[in-house]
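# Provided below are the primary sequence and the corresponding predicted coordinates.
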Amino acid sequence: MPSFCRTISASLLLLLLSACTQQAWYEGMKVGAENDCNKQPPGAREDCLNRLNRQSYDRYEKERATRP
């Protein structure tokens, strides 16, 4: 029985870590894109920033889950 509990605990831990990793990756990509925009000349910078994805990770996940 203790090994079963350890297996369940390890599985839950991996699941939680996986979710955190995906969210961190998503947020990191957004920051990277913003940094790329900030390297542009002033006029192009504003256009670039206006095109950025500002969607939260939670909203992204909800929309992704509803797609077929």
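Right, received. Where do you want to start? As the structure is a prediction and not an experimental result, all values here were calculated from the model.
# tell me the mean pLDDT for stretch 28-40?
Averaging pLDDT along stretch 28-40 gives 93.
# low-scoring stretches of the chain, by residue?
Applying pLDDT under 70 to the chain picks out residues 1-20.
# residue boundaries of the helices in it?
2-38, 42-51, 57-66 (DSSP state H).
# how about Lys30, what does it touch?
The contact partners of Lys30, taken as C-beta atoms under 8 Å, 6 or more residues apart in numbering, are Leu52, Asn53, Arg54. Any C-beta I mention is one placed from the backbone N, CA and C, and that applies to glycine too.
# Keep only those of those that are in strands.
Within the contacts of Lys30, no residue falls in strands by DSSP state E.
# quick one: which of those is nearest to Trp25?
Nearest to Trp25, judged by C-beta to C-beta, of the contacts of Lys30 is Asn53 at 13.4 Å.
# Identify the residues contacting Ala33.
Per C-beta under 8 Å, 6+ apart, neighbours of Ala33: Leu52, Asn53.
# Excluding covalently adjacent residues, which one is nearest to the residue at minimal distance from the centre of the chain?
Note on the chain: the residue nearest the mean C-alpha position is Tyr26, at 2.2 Å, using C-alpha atoms, centre = their mean. Once flanking residues are discounted, Tyr26 sits nearest to Tyr57: 4.9 Å by C-beta to C-beta, 6 or more residues apart in numbering.
# what's the burial count for that neighbour?
Residue neighbour count, defined by other C-beta atoms under 10 Å, stands at 15 for Tyr57.
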